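>>> my questions concern the predicted model and sequence given below.
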Amino acid sequence: MDTGFSPAEQQFRAECREWLAAHVPKERRPMHAADAIGFDKAWQRQLFDAGWAGINWPGAYGGRGLSLVEQVIWLEEYARADAPWIGANFVGINHGGPTLILNASEDQKAFHLPRILKGEAIWCQGFSEPGAGSDLAGIRSRGRVEGDELVVNGSKIWTSFAHVADWQELVIRTEEGSERHRGLSWVICDMHAPGISIRPIAKMSGQVEFAQVFYDDVRIPLANVVGGLGNGWKVAMSTLGFERGTGFIADQVKQAREVEELLERARASGAIRDDRIAGELARMRAEVAALRAMTYRNISEVVRTGQPGAEASVIRLFSAELGQRLERMALLLEGEAILDFRYGDDSLVTDYLRGFAATIAGGTAQIQRDIIGERLLGLPKSR
């Protein structure tokens, strides 16, 4: 494992920091996806035009072709600069695009990857279903082969940005009678295709980013299957590996900053004299450092093997639970002033409410523990 940075990588970090300092937008990103879509697309296009989109994506598809380590450096500096969350571009940039790079045909890459990097196409994820939230192997939505098309029927839920998306990474069951991991296919679905209907879902934070998606005889060309029919489980695991690994580096940098801010607030208010508060802050500061070390180790392994592994679940779980404890501490230190909160504000309370999703989205905490136990510790399967 190599966790050091070369002089060239340190120079690259300085270039990232300088550009971000001069170009990070001053205005805040709107809270709701429908309101923020213009902001998200414009910021992504600015990143692309300046050469900061797709740091480690192949140059042939609009990226810079740099190393994964340089991608990590960019993500760290992006978070330190308090640059805007990429919002509706999240799925395409952080795991849809990387999944295509690993598994898609040349035609699929050439068409979709430049559009993702330019912010021209928004992607969403069609994995979870009613009754099969974190159990991807339990999905029931089906695609029947008819000629050179799949005819899809079923439903997906908790689909982030579905109501503003152009394309979807969709996992469906394409082999009649198949069960669990067998017979699944990962396909590119046009979200404007006839037969698709979308029902937005408001979160308890007041934001509208989720939706339920219904498919009624939706026709998808077989040319949109990624990795071949019946290979959807393997392709989906690479998708989730990206989502659970490098996709959360920015969150980790934010958590490190939040710990230091909470320490300053505790010192200023005198709350640091409470042994329980001081102990918890010290613990979280140590855990932030441990999380960064784990992430660097995982990135080093990805550089060696070329693909994320089950270790990403450790990072995903640890980061989510740490974030929730940081948000609870922020509310505790706020004291009675928190009672002035108004529903829908972009505030500490909104962050706290939003944080409940952290141990659900991308695979629940229970699913992450199953993966860690079975694939890393060699324990018997839980079901």
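Done, it's in.

>>> assign Gln125 to helix, strand or coil.
Secondary structure state of Gln125, per DSSP: H, G, I helix; E, B strand; the rest coil, is strand.

>>> for the stretch 201-350 of the chain, which segments count as strands?
208-221, 225-226 (DSSP state E, counting those that start in this stretch).

>>> out of those strands, deepest packed?
Of all these, strand 225-226 carries the top mean neighbour count, a mean of 24, counting by mean count of other Cβ atoms under 10 Å. Every residue, glycine included, has its C-beta placed from N, CA and C.

>>> what does the nearest residue to Arg144 once chain neighbours are set aside show for phi and psi?
Among residues not flanking Arg144 along the chain, Val151 sits closest, at 4.7 Å (Cβ to Cβ, 6 or more residues apart in numbering). Per-residue torsions, Val151: phi -110, psi 110 (degrees, to the nearest 10).

>>> I figured Val151 hits Tyr215, correct?
No - counting by Cβ atoms under 8 Å, Tyr215 is not a contact partner of Val151; they are 9.3 Å apart.

>>> how many neighbours does Asp190 have?
Asp190 has 16 neighbours, counted by other Cβ atoms under 10 Å.

>>> quick one: the residue lying farthest from the centre of the chain and Phe39, what's the gap?
Distance from the C-alpha centroid of the chain, by Cα atoms, centre = their mean, peaks at Arg273 (37.5 Å). Using Cβ to Cβ, to the nearest Å, we find Arg273 at a distance of 42 Å from Phe39.

>>> what about stretch 372-383, distance to the chain center?
Relative to the chain's own centre, stretch 372-383 is displaced by 24 Å; criterion: Cα atoms, centre = their mean, to the nearest Å.

>>> apologies, that question was intended for stretch 22-41.
18 Å.

>>> how about low-confidence regions in the protein?
Applying pLDDT under 70 to the chain picks out residues 1-4, 33, 132-135, 204-206, 239-248, 301-310, 337-347, 349, 355-363, 382-383.

>>> domain assignment for it?
Domain segmentation of the chain under automatic domain parsing yields 7-123, 124-231, 245-376.

>>> those domains into CSV, with extra columns for distance to Ser238?
Shown next, in CSV, are these (distance: least, Cβ to Cβ, whole Å):
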stretch, distance to Ser238
domain 7-123, 5
domain 124-231, 9
domain 245-376, 6
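
>>> didn't Gly59 look like it was pressed against Leu66?
No - under the criterion of Cβ under 8 Å, Gly59 makes no contact with Leu66, lying 9.3 Å away.

>>> more neighbours: which of those two?
When neighbours are counted by other Cβ under 10 Å, Gly59 and Leu66 differ, and Leu66 comes out ahead with 17 against 10.

>>> helix, strand, or coil at that one?
The three-state label given to Leu66 by three-state DSSP is coil.

>>> just checking, Trp43 touches Ile86?
Yes - between Trp43 and Ile86 there is a contact under Cβ under 8 Å: 7.4 Å.

>>> dump the residue contacts of Cys189.
Cys189 makes contact with 126, 152, 167-170, 196, 218, 220, 224, according to Cβ atoms under 8 Å, 6 or more residues apart in numbering.

>>> likewise for Asn103?
Taking Cβ under 8 Å, 6+ apart, we find Asn103 in contact with 186, 226-227, 235, 238.

>>> and if we set it to 6 Å?
Asn103 makes contact with 226-227, 235, according to Cβ atoms under 6 Å, 6 or more residues apart in numbering.

>>> what of Leu322?
With Cβ under 6 Å, 6+ apart, Leu322 has these contacts: Glu287.

>>> how about 7 Å then?
Neighbour list for Leu322: 255, 284, 287, 291 [criterion: Cβ atoms under 7 Å, 6 or more residues apart in numbering].

>>> and the residues you listed as JSON lines, adding neighbour count and distance to Gly323?
Formatted as JSON lines, the contacts of Leu322 follow (neighbours: other Cβ atoms under 10 Å; distance: Cβ to Cβ, whole Å):
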{"residue": "Gln255", "neighbour count": "21", "distance to Gly323": "6"}
{"residue": "Met284", "neighbour count": "20", "distance to Gly323": "10"}
{"residue": "Glu287", "neighbour count": "18", "distance to Gly323": "11"}
{"residue": "Leu291", "neighbour count": "20", "distance to Gly323": "10"}
